[in-house]
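K.L.:
Here is my input; please provide its structure:
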Amino acid sequence: MESSLVFDNNSRSLGLAFKERLRESENEVELKVAGLLNTKTGRLDAFGSLRKFVFLGGQLPSRNPYLRPAAEKRRTRFELGVSYDLRSEVSVARLGARKNFQLGDRKGPWLKLRTDADLDIQRQKPFARGRVELTKDIFDFSTTQDLRIRLGCDATVSQAGNDTIVQVNPYGQIRENNWSLNTDFKGFFGVRYDL
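P.N.:
I've put the predicted structure just below:
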């Protein structure tokens, strides 16, 4: 299980985040549970999802766990799944696709594209999301540190009556081995320390 301490300027309290992924590689099915326990109020926000993945370009090397992430990163991935958010009590059905492109040589940045079509099951309300992200890994930034820099933009399209609502949210992250600093470039920042 992955766990981390988180703090942001909105909640102004320390949180304990957790995430567990159980993946059955042969059938490409993943169960994911994630949550955040607010240490000030005791409130638990949790999220669970079950997804089936389909990769274009043939079978992945399922027997070798070291080759698998690199092979996944280069393939177009489609996913079909359902999720449930404990706080908002919303169940969502999702169909999504993801594609990564490496720009330049092997040390070049990655351009990541993602799109999702979601359906709020209770309200029968559809919405769509898209993400464009540029990621650059800098290995051996110092003698004991690697560094990852992410810049991206999320867009959400939803319906409210006859109106179409489009929300565009930029974001950024600087990550060093265990520490990460996140921002939305509009005043929000968050710090995470992986335990």
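
K.L.:
CA only for contacts and neighbour counts going forward, please
P.N.:
OK.

K.L.:
Touching, residue 179 and residue 192? I think so.
P.N.:
Yes: with contact defined as CA atoms under 8 Å, residue 179 counts as touching residue 192 (5.7 Å).

K.L.:
Who has more neighbours out of these two?
P.N.:
Taking neighbours as other CA atoms under 10 Å, residue 179 and residue 192 compare with residue 192 leading, 20 against 16.

K.L.:
how close does that one get to residue 6?
P.N.:
According to CA to CA, to the nearest Å, residue 192 and residue 6 sit 4 Å apart.

K.L.:
Next up, identify which helix or strand the nearest residue to residue 195 once chain neighbours are set aside is on.
P.N.:
In space, and not counting its chain neighbours, residue 195 is closest to residue 4: 5.1 Å by CA to CA, 6 or more residues apart in numbering. If you go by DSSP states H and E, residue 4 is part of strand 2-8.

K.L.:
contacting residues around whichever helix or strand comes after that strand?
P.N.:
Using DSSP H and E, the helix or strand that follows strand 2-8 in sequence is strand 14-24. Contacting residues not belonging to strand 14-24 are listed as 1-8, 29-40 [CA atoms under 8 Å, 6 or more residues apart in numbering].

K.L.:
if you set the cut-off to 10 Å instead, what comes out?
P.N.:
1-8, 29-52, 62, 191-195 (CA atoms under 10 Å, 6 or more residues apart in numbering).

K.L.:
Repeat that for stretch 135-154.
P.N.:
102-103, 107-115, 129-134, 167-184.

K.L.:
The residues you listed, buried ones only, as a PyMOL selection?
P.N.:
When burial is assessed using 16 or more other CA atoms under 10 Å, the buried subset of the contacts of stretch 135-154 is captured in PyMOL by this command:
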select buried, resi 102+109+110+111+112+113+114+115+129+130+131+132+133+134+170+171+172+173+174+175+176+179+180+181+182+183+184
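
K.L.:
Convert the strand with the most length in the chain to CSV, retaining C-alpha atoms only.
P.N.:
As assigned by DSSP state E, the longest strand anywhere in the chain is strand 125-142. As requested, the backbone C-alpha atoms of strand 125-142 are provided in CSV (Å, rounded to 0.1, in the frame of the first residue of the first chain):
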residue,chain,number,x,y,z
LYS,A,125,-25.6,12.8,-16.5
PRO,A,126,-22.7,12.5,-19.0
PHE,A,127,-19.5,14.6,-19.0
ALA,A,128,-16.2,14.4,-20.7
ARG,A,129,-12.6,15.1,-19.6
GLY,A,130,-9.4,15.6,-21.4
ARG,A,131,-5.8,16.1,-20.2
VAL,A,132,-2.6,17.2,-21.9
GLU,A,133,0.6,16.9,-19.9
LEU,A,134,4.3,17.4,-20.5
THR,A,135,6.6,15.5,-18.2
LYS,A,136,10.3,15.7,-17.9
ASP,A,137,12.4,13.4,-15.7
ILE,A,138,15.9,14.6,-14.7
PHE,A,139,17.8,11.7,-13.4
ASP,A,140,20.8,12.4,-11.0
PHE,A,141,19.7,16.0,-10.5
SER,A,142,22.1,15.9,-7.6
